[in-house]
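Visitor: Build me a model from this:
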Amino acid sequence: MSRNIIITGGAGFIGSNLANHHISMGDNVTVIDNFQTSHKTDKLPGTIIEQDLTSFKIPGELLRDADLVYHMASSVGVKFVDLHPDHVIQSMIKMNLNLLPQFEKHECRVIFASTSEVYGNNSDAKEDDNLQIGNPEKLRWGYACGKLMTEFLLKTYTFPTTVARFFNITGPGQLSTHGMVLPIFIEKAKSNQDIIVHGSGKQTRSFCDIRDAINMLDIISSADHIGETYNIGNSDNLVTILDLAREVIDITESSSNIIREDYTSHFSDQFCDIFSRSPNVNKISKYYKPKYNINDIITNMQ
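Guide: Next comes the predicted model:
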């Protein structure tokens, strides 16, 4: 039986993959997006509504008939957040004030896309950890605070919710425009250009294939997971940024050189990097274990 699915921010990387997944399952999908950090193409799946979600009133009949709402809408990418911190912080607040009362009125079932940023520099981060967000003197942390405030706000409403904290989800179609590291590295490698690694290159990240992430979201969309928070990621794919660059060069058979540069050459003084980030996936692994390693991901993204 087909379901009615709404995806706010559904033109983005994760959102568009979700839309394609649900359409392949025979569901009816409505995507609502302002296309600020995504490309508008004629290949976008489902019914498309181009609107600014800080003020748009979603038609009541659409929310009333929705079986599931994925609230994915947000600015994306460390580069975009670094360049426009005021916009990122203010738009999240306005969007919450606009959308959450609408979800409450129609008792929508909502999955909220949060972020691993809420853990700060914690590694092996668990859902019930005390959080260590950075100093407010660096506006970069406003993105994490905005996502975390949304998590708090959701708990003040009665509509059924589940929170997904994403850890470096990646795959084909992800844009390099806003600072996503793997698409940038692969683009540079395929054209044999220098690959720039910031700082020491010893920063660690754990990458998760979009196919695994979609499978996890499918699982936590059931009523059994209402009220829960889950890390969505793959702890097995932990790699330093320097080793990631080397792996990309090797798999793409590129002649690119790796160049190390200071952050100041590419980011504002509001930027600060996270040295170590990896998820503890004990909670989600009770229901799903990722299938794709880092080599699979890079190969699939070429």
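
Visitor: what about Y288, how many residues close to it?
Guide: By other Cβ atoms under 10 Å, the residues close to Y288 number 17. C-beta: built from backbone N, CA, C; applies to glycine.

Visitor: Next one: it from G233, what distance?
Guide: 12 Å (Cβ to Cβ, to the nearest Å).

Visitor: L242 too?
Guide: Distance, L242 to G233, by Cβ to Cβ: 21 Å.

Visitor: These two: who's more crowded?
Guide: Set L242 next to G233 and count neighbours by other Cβ under 10 Å: G233 wins out with 30 against 17.

Visitor: Apart from its neighbours in sequence, what residue is nearest the more buried one?
Guide: Using Cβ to Cβ, 6 or more residues apart in numbering and skipping residues adjacent in sequence, the residue nearest G233 is F167, 3.0 Å away.

Visitor: tell me the contacts of that neighbour?
Guide: Shown in contact with F167 (Cβ atoms under 8 Å, 6 or more residues apart in numbering): S116, S206, C208, N231, I232, G233, N234, R277, S278, P279.

Visitor: Mark which of those are buried, thanks.
Guide: The neighbour count (16 or more other Cβ atoms under 10 Å) marks S116, S206, C208, N231, I232, G233, N234, R277, S278, P279 as buried among the contacts of F167.

Visitor: Which strand residues bridge the last one?
Guide: Beta-bridge partners recorded for P279 (DSSP bridges): A125.

Visitor: re the thing from before, redo the buried ones among the contacts of F167 as a markdown table? Include secondary structure.
Guide: A markdown table is the format used below for the buried ones among the contacts of F167 (DSSP: H, G, I helix; E, B strand; the rest coil):
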| residue | secondary structure |
| --- | --- |
| S116 | helix |
| S206 | strand |
| C208 | strand |
| N231 | strand |
| I232 | strand |
| G233 | coil |
| N234 | coil |
| R277 | coil |
| S278 | coil |
| P279 | strand |
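
Visitor: Which parts of this protein are helices?
Guide: Taking DSSP state H as the criterion, the chain carries its helices at 13-24, 60-64, 78-83, 85-105, 141-154, 181-190, 210-220, 241-252, 294-301.

Visitor: Select from those the stretch with the lowest mean pLDDT.
Guide: With a mean of 63, helix 78-83 has the lowest mean pLDDT of those.

Visitor: Next one: the nearest residue to T115 once chain neighbours are set aside from M1, what distance?
Guide: Distances taken as Cβ to Cβ, 6+ apart place K147 nearest to T115, at 4.8 Å, with adjacent residues excluded. From K147 over to M1 the distance is 33 Å, taken as Cβ to Cβ.

Visitor: So between the two, which is more surrounded?
Guide: Legend: neighbour count by other Cβ under 10 Å for K147 and M1, higher for K147 (21 against 5).

Visitor: quick one, what contacts that one?
Guide: S74, M92, S114, T115, E117, V118.

Visitor: Same question for P290.
Guide: By Cβ under 8 Å, 6+ apart, the neighbours of P290 are C208, D209, D212, N234, D236, N237.

Visitor: Next one: the residue of the chain most remote from its centre from I196, what distance?
Guide: In terms of distance from the mean C-alpha position of the chain, S255 ranks first, at 30.8 Å (Cα atoms, centre = their mean). In this structure, S255 and I196 are 16 Å apart, going by Cβ to Cβ.

Visitor: what does L53 give?
Guide: From L53 to I196 the distance is 34 Å (Cβ to Cβ).

Visitor: the more surrounded of the two?
Guide: Set L53 next to I196 and count neighbours by other Cβ under 10 Å: L53 wins out with 21 against 16.

Visitor: do you know how far F103 is from V281?
Guide: The value you get for F103 to V281, if Cβ to Cβ is used, is 28 Å.
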